[in-house]
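Asker: my questions are about this predicted structure, shown below with the sequence.
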Amino acid sequence: MNPEIILAVAFGGALITYLSGKISKRIRDVVAVAFSLSLVAIVAVFYNSESQNVFSPGFLDFPIVIRIDDLSWLFAVIISVIGSLSVIFSLNYIRNRGNTDFFYSMLLLVIASMTGIILSGDLLSFYLFWEIMSWSTFLLISYNRGPAIAAGIKYIVMSVSGSLAMLVGIISLYANYETLVINELAAFLGQASSGYIIFIMVLFFAGFGIKNAIWPLHVWLPPAHSEAPSPFSAVLSGVLIKMGTYGIFLLIFVIIQINIFFNLGKGLLSPRYVIAIIGAITIIIPTFIALVQDDAKRLLAWSTIAQAGYIVLGISYCTSESVAGGLFHFFNHALFKALLFMTVGAVEYRTGGVRDLNSLGGLIKKMPVTFLGALIGVCGLIGVPLTNGFVSKWLIYKTLIINDSPFLAFAALFGTWGTILYSYKLLHNIFLGQLPEQFRNIKKAPFSMQLPIVLLSIPVVLFGVLPGVPLKIINNIQSDLGLDALNISLWGVVSDTGTINLFNIIAAILLIFIIIWLLFKSSKRPANVDQYDNYAAGAAVPVNKYNYTVNFFDPVYSKIIRYLKDFADVFYLWLALCIERAGNGIRRIYSGDVGYYVIYIVLFMALLILIQINRALW
Amino acid sequence: MVALVFETFLVVLLACIIGLFFLGLARKITARIHWRYGPPVYQPVIDIIKLFNQTSMSHGVLFELGILISLAGSVVVLLFLPFARICPLSSSGGLLVVLYLMLISPLGLALSGGESANPNVSIGISRKFLLAFGYEVPLLLILLAVMTHYDTISLSEIANKQISSGWSLFQLPLILSGIAYILILPAVLGLRPFEMIQAPQEISSGPYAEYSGKFLAFAMIQHAFDLFIGISLFVNLFLGGAGNMGYFFIKMIIVLIIMIFVNAVFPRFRIEQAIRYLWTWPASLAFAGLIIVLVVN
């Protein structure tokens, strides 16, 4: 089969969904779900196949190359799975809003353009799909209007500057080598000078870094993630920013190639270390900022930036274990972060749009399935053993320690402890503590929301116990790219410098837990009590006031909050203000009064005559 | 396989007995420092038997499961820590796995406490996480120094190497790290001056405020295991582990007694004071230690 069929289904789905919306809402819902699910099925068929199709003459006389291999397959699976679950989640979430046809077709268009990016084998089609993705994302981020418009504009301004930098890189490559096909470019760049390679890297890195929200290019992400509709936030955080990761991966391992990248520069100044250090900074700073957020989605957004730091750190460190860890973490993060955004979205849907962490609480009794999803997602995010996040982080830490980069390892490990703090705050303030009276009669999330939450929870645990399944695919990718393959068993990773075996861990935990549980069950049954039957030093429990959520980590908040200004954001805002002022100044020249224009013309003529008299140029 | 299961049960049983003995000993020594007579050393055992027979109150499924998860998390860590030469799961991931498994126990306690819907509990948990956030900075730097120095992530290998080359605490590159570890050990063990997590006088025992009957018994057993784990990790990393159990026990009890002396005479830090302390002196010592290890390597 040809890989174009994937693109045809993806883009056709977006169009047909829009048209069917004109007939009936119900048909459109069915069509959208059917197309997104069939995309998953078609992508799955391409497992372990490699093919490439060249269309020539393609676009503007450039050949268009569409190809699929192990790397694109992994990304395509994640995109289509998260995309289709997000469509299912939207069914209830978006039902009573305006412009739903537009929402669905844009959502499918974003998914389609992302599949386009990972299937394109030349930089021109890559760039075209990249731009389609950027613009359709902008429209979806601004879907809610109000503050969402400002968030969307911030996103598109940064995104366009990034893709312009990328365009300069593409033009420069074409001017030098007269081809845009990635495999041919790779052969040419093998002989290029290291200065030119770094120049190309910086240009592309600007584009990919902005999409991947690497510090200090991250400022668009927190408002965009928090203002977008929740099902789209899941796509945004789960897969869309990972297009930046894919770009970086493509740049390092396919276009430039590992042996050249590895030997570029010296010591701490080599691109390998510089990118790794930026990744480490991207872990630390956003983790601290996430601690002080009060908006559930904004907290998750900052956490997304921090986790993207792990991926970049793993990929750029370039040992086979760290790259496997980085790719595996990309895979895991897509699963658990989409899951977390969906649980927060379900809470938002049921509580009438509340995502303020200070006014929720105690929802575990009302929305148990949603809570379970959030708990599993948070465990994956922290990397608690038996969830998938543990294995990927373990791989990254281990290789950093063994290869004598303890400070990078410290950043990664310390980021994890910060993650515990903010993710427990998320769980506690939404689901634990006292249930406020106004949420007494809340219903559990509807089926179309519970289904994606359950479906995403399963692989988080499953691949945490059986990491061999995804690591096998990642191993194939690595051997395609010239990295050493890891020695993988179904239950873990084997090596001389440190082995991990999850079978032992799960067997030990289960055995011990069962013994303790039997001990617990064999003794006297406890009496169940209400949340108001509680210790309050002898007084009655005050209704709606007996909760500790506001400023959950208070004593430290007040000490650290003044250091936590987002300096990158301040800088960009200042830059924007300067440009606005300069624009205002230039605007005054065009006053609209014809008299001024006559004077400009006369002055200009006088200047020309003056030059001619003195210098006699013409 | 049979040997493995036998070792597992042996380690857990010994740790339980030693941990409870430590709790009793701590109360006795503290009492003598205060010029009181104090309860008998086996008082914790009496307490646990009594608590199992009392009526208990539950706030929901997670309230019950959380404390069980917490206890299971503590017990699992034991299987990865060498106790003298016994270490049932030494080859399943090393010190990094230990670090991560040590998360399960506080997380379980936090989930269980969260569902009890009591602000005292929530405050206690928030302090517990903040304190951990505070001492993890020096602790991680120390552990990274040790792992870089011995060039391994396996805990039993680190312990074994010390048997031939002497205690890490007295090896030149690791001295500063060792001193930093001693400075943060009370925080790791949750003893005064870092006892703000429970602080009975202000937040009525913090995370344990809502536990009654058998829940309190489980919490107490878990506390005993935690005490054992904290001291055992230090002994394995810096005091050279030990070739036989008696020697290991003696090392542990000496560390414990010193910590109880500190606990008995110090007042309590506020949480922000604790973090300021942990992030200045111990953290800079540990940082310097890591740089020395890197330079020597």
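Answerer: Happy to help now that I have it.
Asker: which residues of chain B fall in strands?
Answerer: B:57-58 (DSSP state E).
Asker: in it, what residue lies closest to chain A?
Answerer: In chain B, the residue that lies nearest chain A is residue B:114 (3.1 Å; C-beta to the nearest C-beta). Placement of C-beta: from N, CA and C, glycine included.
Asker: that residue contacts residue A:433, doesn't it?
Answerer: Yes: assessed by C-beta atoms under 8 Å, residue B:114 is found in contact with residue A:433 at 6.4 Å.
Asker: which residues do the two both contact?
Answerer: Residues touching both residue B:114 and residue A:433 (C-beta atoms under 8 Å, 6 or more residues apart in numbering or on different chains): residue B:122.
Asker: CA atoms of stretch A:291-298 as CSV?
Answerer: Output of stretch A:291-298 as CSV, limited to C-alpha atoms (Å, rounded to 0.1, in the frame of the first residue of the first chain):
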residue,chain,number,x,y,z
LEU,A,291,4.2,25.1,41.5
VAL,A,292,2.6,28.5,41.9
GLN,A,293,-0.2,28.1,39.3
ASP,A,294,-3.9,28.2,40.4
ASP,A,295,-5.4,27.3,37.1
ALA,A,296,-5.5,23.6,36.5
LYS,A,297,-4.9,23.8,32.8
ARG,A,298,-2.2,26.4,33.2
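Asker: residues in contact with that stretch?
Answerer: Counting by C-beta under 8 Å, 6+ apart, A:222, A:225-226, A:230, A:233, A:299, A:302, A:341, A:344, A:347-348, A:355-358, A:418, A:421-422, A:425-426, A:430, A:553, A:557, A:560-561, A:564 sit against stretch A:291-298.
Asker: what of stretch A:455-464?
Answerer: By C-beta under 8 Å, 6+ apart, the list of residues contacting stretch A:455-464 reads A:85, A:331-332, A:335-336, A:338-339, A:342, A:372-373, A:376-377, A:379-380, A:385-391, A:469-470, A:502.
Asker: so of these, which ones are in helices?
Answerer: Per DSSP state H, helices hold the following members of these: A:85, A:331-332, A:335-336, A:338-339, A:342, A:372-373, A:376-377, A:379-380, A:388-391, A:469-470, A:502.
Asker: filter these down to the buried ones.
Answerer: A:85, A:331-332, A:335-336, A:338-339, A:342, A:372-373, A:376-377, A:379-380, A:388-391, A:470, A:502 (16 or more other C-beta atoms under 10 Å in any protein chain shown).
Asker: run through the residues you listed and flag the ones next to chain B.
Answerer: residue A:390 (C-beta under 8 Å from any C-beta of the partner chain).
Asker: in chain A, what residue is nearest chain B?
Answerer: Counting by C-beta to the nearest C-beta, chain A gets nearest chain B through residue A:432, at 3.1 Å.
Asker: nearest residue to the residue of chain B closest to chain A other than its sequence neighbours?
Answerer: residue A:432 (3.1 Å; C-beta to C-beta, 6 or more residues apart in numbering or on different chains).
Asker: quick one, what contacts that neighbour?
Answerer: Counted by C-beta under 8 Å, 6+ apart, residue A:432 has contacts A:361-362, A:364, B:62, B:111, B:114-115, B:117, B:122.
Asker: hmm, 7 Å instead?
Answerer: A:362, A:364, B:114-115 (C-beta atoms under 7 Å, 6 or more residues apart in numbering or on different chains).
Asker: now residue A:212
Answerer: A:241, A:244-245, A:248, A:308, A:312.
Asker: strands along chain A, start to end?
Answerer: Going by DSSP E, chain A shows strands at A:51-59, A:62-68, A:487-489, A:492-494, A:500-501, A:527-528.
Asker: where in the chain is pLDDT low?
Answerer: Assuming you mean chain A. The model of chain A has pLDDT under 70 over residues A:1, A:58, A:267-268, A:496-497, A:618.
Asker: hmm, I had chain B in mind actually
Answerer: B:90-93.
Asker: residue nearest the centroid of it?
Answerer: Among the residues of chain B, residue B:230 comes closest to the average C-alpha position under C-alpha atoms, centre = their mean, at 2.8 Å.
Asker: my guess is that residue meets residue B:190, correct?
Answerer: No: counting by C-beta atoms under 7 Å, no contact exists between residue B:230 and residue B:190, whose distance comes to 8.2 Å.
Asker: burial of the residue of chain B closest to chain A, as a residue count?
Answerer: Using other C-beta atoms under 10 Å in any protein chain shown, residue B:114 has 27 neighbouring residues.
Asker: show me what contacts it?
Answerer: By C-beta under 7 Å, 6+ apart, the neighbours of residue B:114 are A:428, A:432-433, B:122, B:125.
Asker: ok, 8 Å please
Answerer: With C-beta under 8 Å, 6+ apart, residue B:114 has these contacts: A:427-428, A:431-433, B:62, B:66, B:121-122, B:125.
Asker: mark which of the residues you listed are part of helices, please.
Answerer: Using DSSP H, those in helices are A:427-428, A:431, B:62, B:66, B:121-122, B:125.
Asker: save those residues as JSON lines, and put in neighbour count and distance to residue A:107 too.
Answerer: Listed next are the ones in helices among the contacts of residue B:114 as JSON lines, based on neighbours: other C-beta atoms under 10 Å in any protein chain shown; distance: C-beta to C-beta, whole Å:
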{"residue": "A:427", "neighbour count": "22", "distance to residue A:107": "28"}
{"residue": "A:428", "neighbour count": "24", "distance to residue A:107": "32"}
{"residue": "A:431", "neighbour count": "28", "distance to residue A:107": "28"}
{"residue": "B:62", "neighbour count": "24", "distance to residue A:107": "35"}
{"residue": "B:66", "neighbour count": "23", "distance to residue A:107": "38"}
{"residue": "B:121", "neighbour count": "31", "distance to residue A:107": "42"}
{"residue": "B:122", "neighbour count": "28", "distance to residue A:107": "38"}
{"residue": "B:125", "neighbour count": "26", "distance to residue A:107": "39"}
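Asker: need those in JSON lines (columns: distance to residue A:547).
Answerer: Formatted as JSON lines, those follow (distance: C-beta to C-beta, whole Å):
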{"residue": "A:427", "distance to residue A:547": "14"}
{"residue": "A:428", "distance to residue A:547": "10"}
{"residue": "A:431", "distance to residue A:547": "13"}
{"residue": "B:62", "distance to residue A:547": "17"}
{"residue": "B:66", "distance to residue A:547": "18"}
{"residue": "B:121", "distance to residue A:547": "11"}
{"residue": "B:122", "distance to residue A:547": "8"}
{"residue": "B:125", "distance to residue A:547": "13"}
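Asker: for the closest residue to residue B:66 other than its chain neighbours, grab the count of nearby residues.
Answerer: Spatial nearest neighbour of residue B:66, excluding adjacent residues (C-beta to C-beta, 6+ apart): residue B:112 at 2.5 Å. Using other C-beta under 10 Å, the number of residues around residue B:112 comes to 29.
Asker: contacting residues for residue B:112?
Answerer: B:62-67, B:69-70.
Asker: if we can go back for a sec, contacts with chain B among the contacts of stretch A:291-298, please.
Answerer: Within those, those near chain B by C-beta under 8 Å from any C-beta are A:418, A:421, A:553.
Asker: neighbours around the nearest residue to the second one once chain neighbours are set aside, how many?
Answerer: The spatial neighbour of residue A:421 that comes closest, neighbours along the chain excluded (C-beta to C-beta, 6+ apart), is residue B:129 at 5.2 Å. Close neighbours of residue B:129, defined as other C-beta under 10 Å, add up to 22.
Asker: what does the one 10 residues further on give?
Answerer: Burial of residue B:139 is recorded as 25 neighbouring residues (other C-beta under 10 Å).
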